[in-house]
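S.K.: sharing a sequence plus its predicted fold:
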Amino acid sequence: GAGVSQSPSNKVTEKGKDVELRCDPISGHTALYWYRQSLGQGLEFLIYFQGNSAPDKSGLPSDRFSAERTGGSVSTLTIQRTQQEDSAVYLCASSKRGDSYGYTFGSGTRLTVV
Amino acid sequence: AQSVTQLDSQVPVFEEAPVELRCNYSSSVSVYLFWYVQYPNQGLQLLLKYLSGSTLVKGINGFEAEFNKSQTSFHLRKPSVHISDTAEYFCAVTQYGNKLVFGAGTILRVKS
């Protein structure tokens, strides 16, 4: 596609429910990143996928968070048993192989846990 | 580990005035530096990046930044701002390009 697409754009969920956030990167981009943007914490790295390599999960805040990338394209970030502190904007970015410095960000998913 | 400090949380400026948004980084190795802009309810857009070469980097929308290794700074400048430049600006650093470490952001408010 023309840009990085994220869905849904907004999600309101009840505390304790599971949520799935989707990221559709730019076609041909092999690297995909998830970041979280919240008040008081700024922009935090969550996870990074590069091609078929094992993902860098070092930024995931707890074992309630997981992500997968199917077929080297679409990625899903799953948050289990959501807590109020999970409320944030979740941003996805992608880049081409060999151009890891040329990230393109999506518009994000605003998650509100009530 | 790298870290980024944006020294001003908010910068108010009048339209057509010059502006400088300050960014300092800390790293024990060579890094690559970026400035991103975020308009309300939108994702991040790359303004400019420093990878190597000339320390003065020109970006989109008339912005430029200067890499100063001795002062570990990468300040963003624009000689004349417009109302449309009102947004939040983020400085970021990466060592290997696999993950960016961001500063806390600076809100630029351009007043008429």
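M.R.: Done, it's in. Being a predicted model, the structure only gives us computed values, none of them experimental. Numbering: from 1, shown residues only, chains lettered A, B, ... in the order given.
S.K.: contacts, neighbours, all on C-alpha from now
M.R.: Will do.
S.K.: close to chain A: what parts of chain B are there?
M.R.: Selection of chain B residues close to chain A by Cα under 8 Å from any Cα of the partner chain yields B:41-46, B:97-105.
S.K.: just the buried members of those residues?
M.R.: By neighbour count, with 16 or more other Cα atoms under 10 Å in any protein chain shown, the residues of chain B next to chain A hold B:43-46, B:98-105 as buried.
S.K.: need the residue closest to the centroid of chain B.
M.R.: By Cα atoms, centre = their mean, the mean C-alpha position of chain B lies nearest to B:Trp35, the distance being 3.6 Å.
S.K.: on the three-state scheme, the residue in chain A positioned nearest to chain B is what?
M.R.: As assessed by Cα to the nearest Cα, chain B sits closest to A:Ser107 within chain A, at 4.0 Å. Here A:Ser107 is coil, with the state taken from DSSP: H, G, I helix; E, B strand; the rest coil.
S.K.: roughly how far does it sit from A:Ala93?
M.R.: To A:Ala93, A:Ser107 is 9 Å away according to Cα to Cα, to the nearest Å.
S.K.: quick one: contacts for residue 13?
M.R.: Picking chain A for this. With contact set as Cα atoms under 8 Å, 6 or more residues apart in numbering or on different chains, A:Thr13 has these partners: A:19, A:111-114.
S.K.: I was thinking of chain B, sorry if that wasn't clear
M.R.: Neighbouring residues of B:Val13 by Cα under 8 Å, 6+ apart: B:19, B:108-111.
S.K.: which one of the residues you listed is nearest B:Ser70?
M.R.: Nearest to B:Ser70 among the contacts of B:Val13: B:Val19, at 22.4 Å, using Cα to Cα.
S.K.: these two touch, right, that closest one and B:Lys78?
M.R.: Yes: under the criterion of Cα atoms under 8 Å, B:Val19 makes contact with B:Lys78 at 5.5 Å.
S.K.: okay, residue 57: pLDDT?
M.R.: With no chain named, the answer covers chain A. pLDDT, A:Lys57: 93.
S.K.: wrong one, chain B
M.R.: pLDDT at B:Val57 comes out at 95.
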